[in-house]
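**Student:** Here's a sequence, model it:
(2 chains)
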Amino acid sequence: MTLSVWLMVSALLVSEAESSSSPPTMVDFDSQIVPLLTHAGCNAGACHGAAAGRGGFQLSLFGSDPKSDYEAIVKFAEGRRVNLVGVTKSLVIAKPLGLLDHGGGEVLEEGSSSVLVLRRWLQQGAKRGSQRQLRELRVEPSESIATTSNQPKTLRAIATFSDGEEADVTEWTVFRSDDPASVEILQGPARAHCLRPGKHLIMARFWNRVVPVSLLLPYDSNQDMPHRVSPSASFVDVEIDSQLSKLNLAANDLADDATFLRRLRLDLTGRLPSPEELQLFLAETGAGKRAQKVDALLESDEFSSFWALRLARWFKLRGSPEEPQAARAYSDWIVRSMESRRPYNEMVRELLTSTGDSHVNGATNFTRTAGDARQHAELVSSVLLGTRIQCANCHNHPFAAWTQDDYHGLAAIFARFDRTRMVSLKKQGSVTNVRTGESAVPRIPGVRNLEDAESALDTFTQWMLDKDNSHFSKAIVNRLWDAMMGRGLVAGIDDFRETNPPSHPQLLDRLATDFVEQGYNLRHSLRIIATSDAYARSSNHQSQKNELEQWYGASTSKSLLPEVLLDAIEDVLGASVANHDETRQRAITWLDPAHVSPDLDALGRCSRSEACQSQGQQQGLAAKLHAINGDLFNKRIADKGGRLQNYLRVSMSPRQIIEDFYLRAMAKHPNEEQRSTWLSELNALPKEEQVRWLEDFVWALLSSQEFSTNR
Amino acid sequence: MDYLSGLPKQTLRRDFLRIGSLVSMGLGSQLFTARSSIAKTSSTRGKARSCILLWLDGGPSHLETFDPKRDVPEEVRGPFQPIATVVPGIELSELLPLTARITDKLAIVRSMTSPLGEHGIANQYMLSGYQPGSPVAYPSIGSVVAHRRQSTSPLPSYITVPDARSSMGPGFLGANYGPFSIAGDPAKSDFQVKDFDYYPGLDEDRLNRRRQFLQNIEATDRALSGDKVTLDPMFEQAFRLISTPEAKRAFHLGEESDATRGRYGPRTFGQSCLLARRLIERGVGLVSVLQTGWDTHQNLVLSLRDGFSGAKVGVGLVPTFDQAFSALIDDLHQRRLLDETLVIAMGEFGRTPKLNTSGGRDHWPRVFSVVLAGGGVRGGQVIGASDRIGESPSERPITPADLVNTIYSLLGIDPDGELVTPDGRPIRINQGGQFISEMV
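**Tutor:** This next block holds a predicted model:
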């Protein structure tokens, strides 16, 4: 393979002089003309690359289909777009130059290399050419760490084509900064200049390919950054700490025991530690007590129960009012799978292939979650591969490698499903590939066609669960990481794509490999995360808050899920309202979001039909008005059977009451100053006013940010 | 000593109560005299103090409202005819007879154009001026207004009546600048805003005590994390709002005469417009009024004119809009509020130039219309034009970014000003838009 400086520019600029001696190189339509259309923006979604084209001229989005582009340019419109005699009269050159009225304005400049190449192509007879494809696009440097001088980095794009040629295509590559405030792109020659410290992305687009380039500029730091990767550190901490060190960021110390226990309890079991549990944990000595606690919680029923809710959320479980039995069977199946420690790959196998009565066989409801084969394809790619494939329904995906054939091919795999109560596989079923207008060929996206429709689902399932399919294992470990750390290594748990790379690629690889080696064991990977230093850090920080959180040098504070928050409120207040109902369960056991609960609505739960993956609590004025004047707190605080009224009935001392509520809500005692202020204010009041005072005190505790977050 | 403020704690409580009552009495009167204003910079041209945004959700047909066509095939013209208005040369659809009488106060833009024809992303583009797709979640117009506004009113700066769409959110500005949705129907006789009134057993003293306790807890917590804010501003506003009866009166539509209520029409949209007027009178920055149902893929006669089959008097989308919109403009004009109130009627896109087989029209962003009035806008004019069949702009194409730029300018907000994301990125309030100079 030779690295020729292929660029037509240079070739062309000299060709005038030596044209008599050597025959000019033929301009290749697919690999030269189409990329220059991409470079000029002609085939972007907002212009001729739109699904319906523009101004009657339609190109494939970003030149993904050179054959149809060739026809659009050379054959359609009675061939007016090319004029081989009067080259400049060709619409394909006159319009972008602005010689003729053009809705997109002047996008090419007279004398530019693009125009020279276009002219030459027309002069040579507007031939299609080699039909070679782009095999690889590489940008140098692909990752760079700026030094303190922070000179702009020169960028080079190198393409490898299917005929083996390797060429410098920098001039026909568009470099775009993901965030112009962080990195600016300078032209002639193309260079990237970091404006802010941090790790930033630029996107290089050539022809129909986009590759990310990451640039890293260390933070200034006054202090000497101690590099404290200990020899015994887990692979998690090795990766996290070395990235922090590259960025010159000093990580926080570890959080204290009480903070750690509250965090771990909420993350693994969705509930607060009781005062008794907290006291025991604080009293324990021994270096391994945190790891032991992690193990104990992972073994508990409470863990299975809470993580069943997480899985239900991930699988987008949602019952319909007409068939409550279906949602119940599905919920039971998830809970049983968690309790029996079924490996994740086995669970997914059932989700993908189960048939039968959906009111009995819970796993069949995954198939029913999708209304049709296309939605099924979107569900599978989002949940199991962490990828949004939707865009490829109408056109090839603009930011990822997915094509329309991938999308409709994946849908075709699920086309045989009968999605009524009795889930079954019909003899036949197909979806139309909107690109070809014909039945889509079942296809593993980006991999291969599955010619035998009958076995397509089994083959696909096999591919999905193959231990070498890292898409699958990365998607799930990224979800685990996101749940524990507050943000995925790939930001957006269903947004894996080349242009959204992980913050710590090696760590994601290691976690995924380890997960597979350990038998797809969710508890194992959670243990790896929960016992790392990265998980255990304090959230307090005076400066560089965002940077530290972004790189896991400080713990990120996470909003409690509405279900967890409701349970926590009731636990602190003595489950007063719920206790009047014997059948009442904890909110986290309502895996079906259709379960009626005005309290959860007030707390801003997600309907799960919408794409609200990072569901937080309801914010804003309405939520605060409800906290003040609504039932959520007031009714429970005043309840005769509740904790506060019980304490008052047995004449517990105000001091004890204050301590007890602090411990339950915050897993800590009030500090000295707080304690004495509360008590002296309280003691100055007449007895009957003390009751209302305490009600207001409890209200304030539960309304605080500290209570409703896990940090 | 109080561990928070350094004040002796005995006085803290008393002082606090006094401040509390000052808040409820003092601000109440201030509310109606010293109205809040948006910070102005020399580079802006706006004189509008407030904005009422009528959001016609689903994409209103330009051909059946503000851009009717004559001398075209019926499949283009649709079931209705153009009518003349008080402004010679400007015609509207026959479904807008009342609006035709106030056309002298309207600037009609007939050459809006956008590439986005799907509701969600088109909404975002129209309501933020930014095309979605970047990692940044851009704030909607109302949230930018709330952010730029220096308000002393306990009323929220940005209110949606009755509901918000997700594209009306605050984006990276955060929940403090999100809309307050009244989440009730102003047309109902028992209309009231949820959680405005004291929970049984609560009163102003206890409310103040709760506020103080919460502030104590937050301050201790923030001191640990090195953060300066003491109380969530939304909590602060909720406390003030609950304890300010004058502010809550804004929502008492019963204070309006039957005649006034009648002018706006009995339905939700009309009474919502009336409520919007009461809110901007009390210094609210932007009120967004939602009218749903404009996604008219079927039977335009039923959806746009009749409302239900067999209706003797049309109560469909356009007559409902016509009555409320014209009443609002008239009412603002009579109260001398029109000059300082920018009124906008718009949706996310227009509809296809040719009727579909169901007698409806489908999504069409290539050309559509929006209407502006008040707030310094020069009325009685049409800006831009669509081609003969309403398919493309034939002159003066105007993008959503241009429109949003213009709205900000008219409201005295510098479109070139900067906002900052939580992670410190500077983002221009408007990018790539140009002021529509004909507007003033």
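
**Student:** quick one: B:Thr103 from B:Ile90, how far?
**Tutor:** 6 Å (C-beta to C-beta, to the nearest Å). Just so you know, the C-beta spots here come from the backbone N, C-alpha and C atoms, and that holds for glycine as well.

**Student:** With neighbour numbers in mind, choose between these two.
**Tutor:** B:Thr103 (26 against 18; other C-beta atoms under 10 Å in any protein chain shown).

**Student:** what sits against that one?
**Tutor:** B:Thr85, B:Val86, B:Val87, B:Ile90, B:Leu92, B:Gly379, B:Gly380 (C-beta atoms under 8 Å, 6 or more residues apart in numbering or on different chains).

**Student:** Residues of the stretch 51-200 of chain B that sit close to chain A?
**Tutor:** B:115, B:135-136, B:156, B:174-176, B:178-181, B:183, B:194-199 (C-beta under 8 Å from any C-beta of the partner chain).

**Student:** How about the contacts made by A:Ala255?
**Tutor:** A:Arg263, A:Ala536, A:Arg537, A:Ser538, A:Ser539, A:Ser555.

**Student:** redo that, cut-off 7 Å
**Tutor:** A:Ala536, A:Arg537, A:Ser538, A:Ser555 (C-beta atoms under 7 Å, 6 or more residues apart in numbering or on different chains).

**Student:** Keep only those of those residues that are in strands.
**Tutor:** Secondary structure defined by DSSP state E assigns none of the contacts of A:Ala255 to strands.

**Student:** out of those residues, who's nearest chain B?
**Tutor:** The nearest member of the contacts of A:Ala255 to chain B, counting by C-beta to the nearest C-beta, is A:Ser538 at 9.6 Å.

**Student:** how near is the closest one to A:Asp592?
**Tutor:** Taking C-beta to C-beta, one finds A:Ser538 at 37 Å from A:Asp592.

**Student:** Among the residues of the stretch 51-200 of chain B next to chain A, the buried ones, what's the ChimeraX command?
**Tutor:** This is the ChimeraX syntax for the buried subset of these, where burial follows 16 or more other C-beta atoms under 10 Å in any protein chain shown:
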select /B:115,136,156,174,175,176,178,179,180,181,195,196,198,199
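
**Student:** Regarding the nearest residue to A:Met464 once chain neighbours are set aside, what is its secondary structure?
**Tutor:** Nearest residue to A:Met464, sequence neighbours excluded (C-beta to C-beta, 6 or more residues apart in numbering or on different chains): A:Phe472, at 5.6 Å. With DSSP: H, G, I helix; E, B strand; the rest coil as the basis, A:Phe472 sits in helix.

**Student:** Next, work out how far apart A:Phe472 and A:Phe496 are.
**Tutor:** From A:Phe472 to A:Phe496 the distance is 11 Å (C-beta to C-beta).

**Student:** Check B:Glu340 too.
**Tutor:** 51 Å.

**Student:** out of those two, which sits in the busier spot?
**Tutor:** Comparing B:Glu340 with A:Phe496 by other C-beta under 10 Å, the one with more neighbours is A:Phe496, at 23 against 18.

**Student:** tell me the contacts of that one?
**Tutor:** Contacts of A:Phe496 by C-beta under 7 Å, 6+ apart are A:Leu385, A:Gly386, A:Thr387, A:Ala475, A:Val490.

**Student:** Could you count how many residues lie near the third one?
**Tutor:** To tie it back to what came earlier, the one meant is A:Thr387. The burial count for A:Thr387: 23, using other C-beta under 10 Å.

**Student:** A:Leu694 sits in which helix or strand?
**Tutor:** helix A:687-703 (DSSP states H and E).

**Student:** Wait, a helix at A:Ala157?
**Tutor:** No: counting by three-state DSSP, A:Ala157 is located in no helix; its state is strand.

**Student:** what about it, neighbour count?
**Tutor:** Applying other C-beta under 10 Å, I find that A:Ala157 has 24 neighbouring residues.

**Student:** So it versus A:Val211, what's the distance?
**Tutor:** The value you get for A:Ala157 to A:Val211, if C-beta to C-beta is used, is 8 Å.

**Student:** list the residues that contact both of the two?
**Tutor:** Common neighbours of A:Ala157 and A:Val211 (C-beta under 7 Å, 6+ apart) are A:Leu137, A:Val139, A:Ala204.

**Student:** So the last one: helix, strand or coil?
**Tutor:** Going by three-state DSSP, the secondary structure assigned to A:Ala204 is strand.

**Student:** Tell me how far the closest residue to it other than its chain neighbours lies from A:Arg209.
**Tutor:** The shortest distance from A:Ala204 to any non-neighbouring residue, by C-beta to C-beta, 6+ apart, is to A:Val139 (4.7 Å). Here A:Val139 is placed at a distance of 11 Å from A:Arg209 (C-beta to C-beta).

**Student:** Enumerate every residue touching the closest residue in space to B:Asn430 that isn't next to it in sequence.
**Tutor:** Using C-beta to C-beta, 6+ apart and skipping residues adjacent in sequence, the residue nearest B:Asn430 is B:Pro415, 3.7 Å away. By C-beta under 7 Å, 6+ apart, B:Pro415 lies in contact with B:Asn405, B:Tyr408, B:Ser409, B:Ile429, B:Asn430, B:Gly433.

**Student:** quick one, phi psi at B:Pro415?
**Tutor:** phi -70, psi -20 (degrees, to the nearest 10).

**Student:** Is the nearest residue to A:Ala667 once chain neighbours are set aside in a helix, a strand, or coil?
**Tutor:** Nearest residue to A:Ala667, sequence neighbours excluded (C-beta to C-beta, 6+ apart): A:Arg262, at 3.9 Å. Here A:Arg262 is recorded as helix under three-state DSSP.

**Student:** which residues does A:Arg262 contact?
**Tutor:** Here A:Arg262 is in contact with A:Leu272, A:Pro273, A:Ala667 (criterion: C-beta under 7 Å, 6+ apart).

**Student:** got the residue ranges for the helices in the stretch 301-440 of chain B?
**Tutor:** B:317-334, B:400-410 (DSSP state H, counting those that start in this stretch).

**Student:** for the longest one, packing partners?
**Tutor:** Helices and strands touching helix B:317-334, as assessed by 3 or more C-beta pairs under 7 Å, 6 or more residues apart in numbering or on different chains; DSSP states H and E, comprise helix B:97-101, helix B:258-264, helix B:268-281, strand B:341-346.

**Student:** now those in TSV, with mean neighbour count?
**Tutor:** Below are those laid out as TSV (neighbours: other C-beta atoms under 10 Å in any protein chain shown):
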stretch	mean neighbour count
helix B:97-101	18
helix B:258-264	15
helix B:268-281	24
strand B:341-346	25
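
**Student:** Could I get those in CSV, plus columns for mean pLDDT and distance to B:Gln81?
**Tutor:** Output for those, formatted as CSV (pLDDT from 0 to 100; distance: least, C-beta to C-beta, whole Å):
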stretch, mean pLDDT, distance to B:Gln81
helix B:97-101, 98, 12
helix B:258-264, 97, 26
helix B:268-281, 97, 24
strand B:341-346, 98, 21
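
**Student:** which of the contacts of B:Thr103 count as buried?
**Tutor:** So, of these, B:Thr85, B:Val87, B:Ile90, B:Leu92, B:Gly379, B:Gly380 end up buried under the neighbour-count rule (16+ other C-beta under 10 Å).
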